[in-house]
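S.K.: predicted model follows, preceded by the sequence.
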Amino acid sequence: MQSESPAESFTLVATGMEESLSLRIREASESYHGFLLNQVHEAQEDERRRIARELHDRIGHGISVAHQQLALAEVYRVTNAARASTKMGVAQQAIQETMENLRQMTSELHPQVPLKSLEKALLGFLEAVEDDTVSVGLHVNGDEGWADARVLDEAFLVVREAARNAFNHAAPTMILMRVDIAPHELVATVQDNGRGFDPAIVRGKGGVGLSSMRERTELLGGRVTISSAPGSGCLVEVFIPLKKRHDDHDPG
């Protein structure tokens, strides 16, 4: 039996190595391709959730306020014409703001205008949803300058959603809203004395409002806790860490 020459042996080994290397490259390529597809899918899911949050918190809110104010205007139309006119004005303003928010969302040339004052924004919200049957308290403490504009904007949307849920679903006679801003953290609470609910049941339904509150807070590195029970009202607590501002300096 004729033995293989060194050249033939080398060729066989080289061919085997080439086939093995090609197989590994194909496997690695397929694995990396799958990884990229997964990353694209996750990015798409994140964007869908972001759009859902924006539609619910910015567009849905404006439509809800306009609908509520138009309904109240109809109620007061005969008995109190002046108040009916005021409600119509609030509805028109809500529609205009919703149209502007929609334009901002659909065009990169119109970025979201930064929130100038969290306290004023919350006061504006309370004026828009005025309800004579509910006593509302609002306290904002601390320097808003300690928080970035994005944090204030997101905090406003989260607190507003918590308060709106109380107005719309809890049938309360009292709602207390409080925001405390310290150099290291923003803490907000919304408490009502309404009918309450079982948080586990509500969480299982996956409502857009509660999901939006959690997602907005978590994207800022914070958290939301909800404490409630049937017949015992509800307490929503929001904790958002604040980054040290670049213009701050350590003493000494």
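M.R.: That came through, no problem.
S.K.: for the stretch 101-250 of the chain, give me the ranges with low pLDDT.
M.R.: Counting by pLDDT under 70, the ranges of the stretch 101-250 of the chain that qualify are 103-114, 203-208, 244-250.
S.K.: all strands for it, in order.
M.R.: 135-142, 174-181, 185-192, 223-228, 234-241 (DSSP state E, counting those that start in this stretch).
S.K.: make TSV out of these and add mean neighbour count and distance to Gln93.
M.R.: C-betas here are computed from N, CA, C, even on glycine. Shown next, in TSV, are these (neighbours: other C-beta atoms under 10 Å; distance: least, C-beta to C-beta, whole Å):
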stretch	mean neighbour count	distance to Gln93
strand 135-142	14	20
strand 174-181	20	21
strand 185-192	22	24
strand 223-228	16	29
strand 234-241	20	27
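S.K.: what residues sit buried inside stretch 71-80?
M.R.: The neighbour-count check on stretch 71-80 (16 or more other C-beta atoms under 10 Å) flags Leu72, Ala73, Tyr76 as buried.
S.K.: go on, stretch 82-97?
M.R.: Ala84, Thr86, Lys87, Met88, Val90, Ala91, Gln93, Ala94, Ile95, Glu97.
S.K.: on that earlier part again, mind putting the strands of the stretch 101-250 of the chain into CSV with distance to Ile63?
M.R.: CSV is the format used below for the strands of the stretch 101-250 of the chain (distance: least, C-beta to C-beta, whole Å):
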stretch, distance to Ile63
strand 135-142, 22
strand 174-181, 22
strand 185-192, 22
strand 223-228, 24
strand 234-241, 23
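S.K.: quick revisit: looking at the buried residues of stretch 82-97, which are in helices?
M.R.: Mapping those onto helices (DSSP state H) picks out Ala84, Thr86, Lys87, Met88, Val90, Ala91, Gln93, Ala94, Ile95, Glu97.
S.K.: surely the first one is in contact with Ala71?
M.R.: Going back to what we said before, that points to Ala84. No: using C-beta atoms under 8 Å, Ala84 is not in contact with Ala71, being 11.0 Å away.
S.K.: quick one: contacts for Asn189?
M.R.: Heads up, residue 189 is Thr, not Asn. Leu176, Met177, Arg178, Leu235, Val236, Glu237, Val238 (C-beta atoms under 8 Å, 6 or more residues apart in numbering).
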